[in-house]
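Enquirer: Pasting a predicted model and its sequence here:
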Amino acid sequence: MIALIALGYTLVYGIIELINFAHGDLFMLGTFVSLTVVGAFGFSTLFGASTTTPAVLAIVVALVASVVFCGVLNVAIERIAYRRLRHAPRLAPLISAIGMSFILVNIGQVWKGPSSQGFPTLIPDFDILRDVFGMQTLVQLNFKEIFVVGIAVPLMIGLTLFIRRTKIGKAMRAVAQDREMAGLVGINVDQVISFTFLLGGMLAGAAGLIYGLFNENTVFNLGFSAGLKAFTAAVLGGIGNVTGAMLGGFVLGLIGALTVQYVGARWEQVLVFSVLVIILVFRPLGLLGEEV
Amino acid sequence: MALLELHDVSTYYGSIQALKGISLTVDKGEIVTLIGSNGAGKSTTLRTISGLLRPRSGTVTLEGKDISGKPAHEITALGVAQSPEGRRIFGRLTVRENLEMGAYGRTETDLTADFDRVFELFPRLKERVDQKGGTLSGGEQQMLAIGRALMAKPRILLLDEPSMGLAPILVELIFKIIRDINTQGTTVLLVEQNALVALSVAHRGYVLQTGSIVLADSAKALASNEMVRKAYLGEG
């Protein structure tokens, strides 16, 4: 899941060298949209499933809504806050991005209030090894986890193939490498950048729903820490590098989980960000270096 | 009517005037060269034609149609392709992908004939088709840059310093191919510091000096012009 958010960072950074600070908060709004849609189907935390609608339908509709919402919003953000600053010094769009981040956080707060919002349980949580196969083992393999991986992995493979094979995917890589030359061969650069933001936003939307289903809660300032972690993952893998962002996401998730298990939950963030510092010192280009 | 015409074009970098009212024409089927020393405004002229720079005054017309101030991708779609200075290959795309990008603005999906044409002109590219552009040698990159521009099926091909950094034998090869491309029907506007080779393939030429055109004549006449010989052909 971190990997999905990290992909959004890396896509945008790869193409216009901008750290889109608003990305984490876009993800937060994705969880809110998902929650609202699911709620509209009659699922709520208080009453459980007070509806006959199958959970799958609610999940699919929420996914579509969240993906479309975040994708379109991200395109709008680029239009409003970044496009005009494309030729300005680096710092200007960065500050603009931080501004957008604040705006989104506040929209989230006004929308759902400052308290944590519960997400209804839509996917059953059982241990596949123990409950289905009847195995007595310490190894846990939860259905929920399989579910998350089952959505995230195909999305990433799909994205990689998309960038490698399709015409617009190749155009994205061309723009990332040499924007002016891309214009000279006939690529509409503005269009390709918009498209990149659309794609990044859609991924954030998908991540939003998955997060909600998995963690069963969300809060208006979720985007900050999620965004920071995803950013770390992107840097870890090599920012601008799609495969790297996925790798970084998994490595970071693993470090986090192992820390919680063997060191203590309160040390999780310390270790995660220590990794960022270490990577920046010894391998500034990340594990895989920069390549889109 | 001229295929490409610049009328009194002035282009600025900030407050610095790089082109001071340039007028030139390129007719269909010609090779026209623009020679001049470093900083004379040769590349600026091509960048202005391609839409990377906006002329502050004057007009650029393609077959009578005003294209000044249009964005670069639209100008390419109208039939003006450029192989820029320094080649600007997409280093992390393969040779094939670089060529595909060259045809980006076109609507046809079947590019087999265009690939064949490029590979016929540059057999070396065919051998390296799945290699990353950045791993090619300088000469191969120049071939790729020209090939990429040809993939747009341009009505006029703009070449910026195709001889730059190449061994003499490669320069000769590239210029032979430029002549071939021209005989096959593509109009060429060639910018060169190497005036000697440029004038040997071109029909006509313009001499650019600090943003103004100071001489315009047939290539043959320019090559024997005393001022040109002194300033650009290295004769004392």
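Expert: Sure, I can see it. Numbers count the residues shown, from 1 in each chain, chains lettered A, B, ... in the order given.
Enquirer: Tell me the secondary structure at the closest residue to chain A within chain B.
Expert: Evaluated by CB to the nearest CB, chain B has B:Gly105 as its residue closest to chain A, separated by 2.7 Å. C-beta coordinates here come from the backbone N, C-alpha and C atoms, glycine included. Here B:Gly105 is coil, with the state taken from DSSP: H, G, I helix; E, B strand; the rest coil.
Enquirer: any idea of the pLDDT on residue 128?
Expert: Since no chain was named, I'll use chain A. The model reports A:Ile128 with a pLDDT of 69.
Enquirer: try again with chain B
Expert: The predicted local confidence for B:Arg128 is 96.
Enquirer: still on that earlier bit, quick one, what contacts the residue of chain B closest to chain A?
Expert: A:185-187, B:73, B:76-77, B:152 (CB atoms under 8 Å, 6 or more residues apart in numbering or on different chains).
Enquirer: just the residues you listed now: which is nearest B:Arg88?
Expert: Ranked by distance to B:Arg88 (CB to CB), the contacts of B:Gly105 are led by A:Val185 at 9.5 Å.
Enquirer: Any idea how many residues pack against the closest one?
Expert: 28 (other CB atoms under 10 Å in any protein chain shown).
Enquirer: how close does it get to B:Ile181?
Expert: Distance of A:Val185 to B:Ile181, computed by CB to CB, to the nearest Å: 17 Å.
Enquirer: Identify those among the contacts of B:Gly105 that sit within helices.
Expert: With helices taken from DSSP state H, the overlap with those comprises B:73, B:76-77.
Enquirer: Which one of those residues sits in the busiest neighbourhood?
Expert: Ranked by neighbours (other CB under 10 Å), those are led by B:Thr76, which has 26 neighbours.
Enquirer: quick one: pLDDT of that one?
Expert: pLDDT, B:Thr76: 96.
Enquirer: ok, it touching A:Leu184?
Expert: Yes. Using CB atoms under 8 Å, B:Thr76 is in contact with A:Leu184, at 6.3 Å.
Enquirer: How about the residues of chain B by chain A?
Expert: B:50-52, B:71-73, B:76-77, B:81-82, B:84, B:88, B:90-93, B:97, B:100-106, B:148-149, B:152 (CB under 8 Å from any CB of the partner chain).
Enquirer: and with 6 Å instead?
Expert: Counting by CB under 6 Å from any CB of the partner chain, chain B comes close to chain A at B:50, B:72-73, B:76-77, B:82, B:88, B:90, B:92, B:97, B:101-102, B:104-105.
Enquirer: Return the member of these nearest to A:Val67.
Expert: Of all the residues of chain B next to chain A, B:Tyr104 has the smallest distance to A:Val67: 27.2 Å, by CB to CB.
Enquirer: so what's the backbone phi/psi at the nearest residue to that closest one once chain neighbours are set aside?
Expert: Using CB to CB, 6 or more residues apart in numbering or on different chains and skipping the chain neighbours, the partner closest in space to B:Tyr104 is A:Gly186 (4.6 Å). Main-chain torsions, A:Gly186, degrees, to the nearest 10: phi 100, psi 10.
Enquirer: shouldn't A:Gly186 be in contact with B:His73?
Expert: Yes. The criterion here is CB atoms under 6 Å, and A:Gly186 meets it with B:His73 at 5.0 Å.
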